[in-house]
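>>> return a 3D structure for these sequence lines:
(2 chains)
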Protein chains: 2
Amino acid sequence: MSDDRILLSHGDGGQLTADLVARVFVSRLGTGEPAGDDSARVSTTGWEPVPRDRLVFTTDAFVVDPIFFPGGDIGRLAVCGTVNDLAAAGAIPISLSASFILEEGLPISDLERIVDSMAAAAQEADVRVICGDTKVVPRAKADKLYISTSGVGEVPAGISVSGANAQPGDAVIVSGPVGDHGLAVLSRREGLEFESEIVSDCAPLADMVQHLLAAVPRVHAMRDPTRGGLATALNEIARQSGVEIEVDEAAVPIRPAVLAACDLLGLDPLYAANEGKMIVIVPADQAQPALAVLRSHALGKEAALIGQVQAGKPGRVLLRTALGSHRILDRHVGEQMPRIC
Amino acid sequence: MSDDRILLSHGDGGQLTADLVARVFVSRLGTGEPAGDDSARVSTTGWEPVPRDRLVFTTDAFVVDPIFFPGGDIGRLAVCGTVNDLAAAGAIPISLSASFILEEGLPISDLERIVDSMAAAAQEADVRVICGDTKVVPRAKADKLYISTSGVGEVPAGISVSGANAQPGDAVIVSGPVGDHGLAVLSRREGLEFESEIVSDCAPLADMVQHLLAAVPRVHAMRDPTRGGLATALNEIARQSGVEIEVDEAAVPIRPAVLAACDLLGLDPLYAANEGKMIVIVPADQAQPALAVLRSHALGKEAALIGQVQAGKPGRVLLRTALGSHRILDRHVGEQMPRIC
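So this is what the prediction gives:
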């Protein structure tokens, strides 16, 4: 039935677009308040005004293939990815936007399932998707659907977190095992079966981060190690802060199933994407309190101290291997895992 | 040369992504300040805090085909579309985000030209693109490139503009001739040549709107009639406000070249997209002052009073034809112009 699939006319701004928006989006993401303007008010309640230098803004495009994978789907990913970028700035998410590019022929039931997932993830993150847009392109001009989400958040007073703030002597913590998302998506895409299924860690980290900041306001830097993995995110921080970071290979938590899959596929788990992990860099004397708070949160139970910041060579990331030698953990060149998020 | 085209590796988050971002995006849109975090601060200056109920947020996806057209390109369109959605809420744009989905093989020179265009449009609109994201998908999984832009804006104190605020007795104004964008894109796509070239009206309207609101703060409703054109936007306002809108066909400004192209293609110019026009609905006694301000602005010189709001049948838009009869101007069903924005 043509009614069950996306048509080009669903994107023309006329009656079918209005019907789709009402049926699929407003019913799942709507506030119950009348809407319809092209811009949405961030909040209609009488909270305190937001100082502009504590208002942060972020955006991401999501093109993951396949759109459904163990532990999530492109909708959950789109919400979590944007919430986590806000969280990495120390911000409490205020509002999200979502724009959809749909391929003609997409089953509407798939779209509904994905928007359900966005609504659930937004609820977990205590944030609302307040505005959106839908476009439709002909068959073979997209791959099922792409979603771009943007987010606005507020950094609490007294918090100053940035990838540029890591300092020699700081401790480097990761909030749990790395590589789960990358290997979950890749295994599903390649049709691989492992003894124990690898499940994406896709989760919104804003609550965990706010708990952390309440207990340890002196966090220097955070970053969620998504595309490019732990190694790439650490390289970014090392460059931004002009410091060297040394990681203890044996201390980095990696699930056995992820290690096994990486061996099989010839991939390095340190470069595999995560969607529910945070790198946290704190003064050395705050490492234990930070670990304690993270481990007390459902999403940080397996948090680990994995290394330290040092003067060394600015921008360099060193891996101290299990054998005690050092190797440079560079930004990788050439695609390891396309369309992972 | 592979260096001249987008590769899948440009989207993997590693060294090539960083190089592309630095070469194409930061050099054109950057602030000169060091950046690199996943979220950007909306402003680092010490302006007044923004009350949350005056902070607005909007998003749009742009999939226009062709990506270059007379009067603009997908980059200019992406900035203007988002600025105009903010303007329609009465807001001054504060910051924009841009997320790119690139097809493998896209010439990097095309991308550079498009980002140049975004930078120029942002400068015209006095707004900054402060954060972005880039993903790459394989050939035939997109069509050259898609851009999603989001925007944050601030509504000045005392302004309350919404599609839900039109009242019987109000005057309906459009800021200039309709259909230019739709026919410019369609003519280029179909390879049609007309005696006088049809040029997209793509322009940022925030400045014109702020001039209008300064002189006529009692504006009730605004909307930029993009996809679906004037008729669709008026239908949206009529439904949101629960009013009838009557339009005088003879009063709607349409360029002769647009009329001729519509005749040839069997299209109705009232449903053709605009990207630099605003529908403005004001109390009847404010119609002449509003027209005067609009006509004094470079982007509103051809503003015209085209109809009025009346009690009638809520949600209905009537067209009073040149012959004096009335016909219903409904939301159209079925695609008139796909991928127009």
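>>> going forward, measure contacts between C-alpha atoms and count neighbours the same way
OK.
>>> just the buried residues of the helix or strand hosting A:Ser109, please?
Secondary-structure element containing A:Ser109, defined by DSSP states H and E: helix A:108-124. Buried residues in helix A:108-124, counted by 16 or more other CA atoms under 10 Å in any protein chain shown: A:108, A:110-112, A:114-122.
>>> can I get those in TSV with distance to A:Glu275 and pLDDT?
Formatted as TSV, the entries for these read as follows, by distance: CA to CA, whole Å; pLDDT from 0 to 100:
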residue	distance to A:Glu275	pLDDT
A:Ile108	26	96
A:Asp110	22	97
A:Leu111	21	97
A:Glu112	22	97
A:Ile114	17	97
A:Val115	18	97
A:Asp116	19	97
A:Ser117	15	97
A:Met118	14	97
A:Ala119	17	97
A:Ala120	16	97
A:Ala121	13	98
A:Ala122	15	97
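>>> got JSON lines for the residues you listed, with distance to chain B too?
Compiled in JSON lines, the buried residues of helix A:108-124 are given as follows (distance: CA to the nearest CA, whole Å):
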{"residue": "A:Ile108", "distance to chain B": "17"}
{"residue": "A:Asp110", "distance to chain B": "18"}
{"residue": "A:Leu111", "distance to chain B": "17"}
{"residue": "A:Glu112", "distance to chain B": "19"}
{"residue": "A:Ile114", "distance to chain B": "18"}
{"residue": "A:Val115", "distance to chain B": "17"}
{"residue": "A:Asp116", "distance to chain B": "20"}
{"residue": "A:Ser117", "distance to chain B": "20"}
{"residue": "A:Met118", "distance to chain B": "16"}
{"residue": "A:Ala119", "distance to chain B": "18"}
{"residue": "A:Ala120", "distance to chain B": "21"}
{"residue": "A:Ala121", "distance to chain B": "20"}
{"residue": "A:Ala122", "distance to chain B": "17"}
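>>> domains of chain A: list them as residue ranges, please.
Residue ranges of the domains in chain A are recorded as A:8-32+A:48-154, A:171-328, according to automatic domain parsing.
>>> just give the nearest non-adjacent residue to the residue nearest the centre of chain A, would you?
Among the residues of chain A, A:Gly81 comes closest to the average C-alpha position under CA atoms, centre = their mean, at 2.8 Å. The shortest distance from A:Gly81 to any residue other than its chain neighbours is 6.5 Å, reached at A:Glu275 (CA to CA, 6 or more residues apart in numbering or on different chains).
>>> for chain A, just list every one of the strands.
A:40-41, A:55-62, A:68-69, A:72-73, A:92-103, A:128-137, A:145-154, A:171-174, A:221-223, A:244-248, A:279-282, A:304-310, A:317-320, A:326-328 (DSSP state E).
>>> give me the residues contacting the helix or strand of chain A with the lowest mean pLDDT.
Lowest mean confidence among the helices and strands of chain A (mean pLDDT, DSSP states H and E): strand A:40-41, at a mean of 82. In this structure, residues lying in contact with strand A:40-41 by CA atoms under 8 Å, 6 or more residues apart in numbering or on different chains are A:Ile130, A:Cys131, B:Arg52, B:Asp53, B:Arg54, B:Leu55, B:Val56, B:Phe57, B:Thr58.
>>> returning to what we had before: nearest to A:Phe194, of the strands of chain A?
strand A:68-69 (14.3 Å; CA to CA).
>>> what packs against the closest one?
helix A:180-190 (3 or more CA pairs under 8 Å, 6 or more residues apart in numbering or on different chains; DSSP states H and E).
>>> in the helix it packs on, what counts as buried?
A:Asp180, A:His181, A:Gly182, A:Leu183, A:Ala184, A:Val185, A:Leu186, A:Ser187, A:Arg188.
>>> any idea which of the residues you listed is closest to A:Lys301?
A:Lys301 has its nearest neighbour among the buried residues of helix A:180-190 in A:Asp180, at 15.1 Å by CA to CA.
>>> my guess is A:Gly312 meets A:Glu244, correct?
Yes - applying CA atoms under 8 Å as the test, A:Gly312 and A:Glu244 come out as touching, 5.3 Å apart.
>>> of these two, who's got more company?
Using other CA atoms under 10 Å in any protein chain shown as the criterion, A:Gly312 and A:Glu244 rank with A:Glu244 on top: 24 against 15.
>>> run through the bridge partners of that one.
Applying DSSP bridges to A:Glu244 gives these bridge partners: A:Gln310.
>>> low pLDDT regions in chain A?
Residue ranges of chain A with pLDDT under 70: A:1-3, A:31-35, A:43-47, A:334-336.
>>> again, 80 this time
Within chain A, the stretches with pLDDT under 80 are A:1-3, A:31-37, A:42-52, A:193-195, A:333-337.
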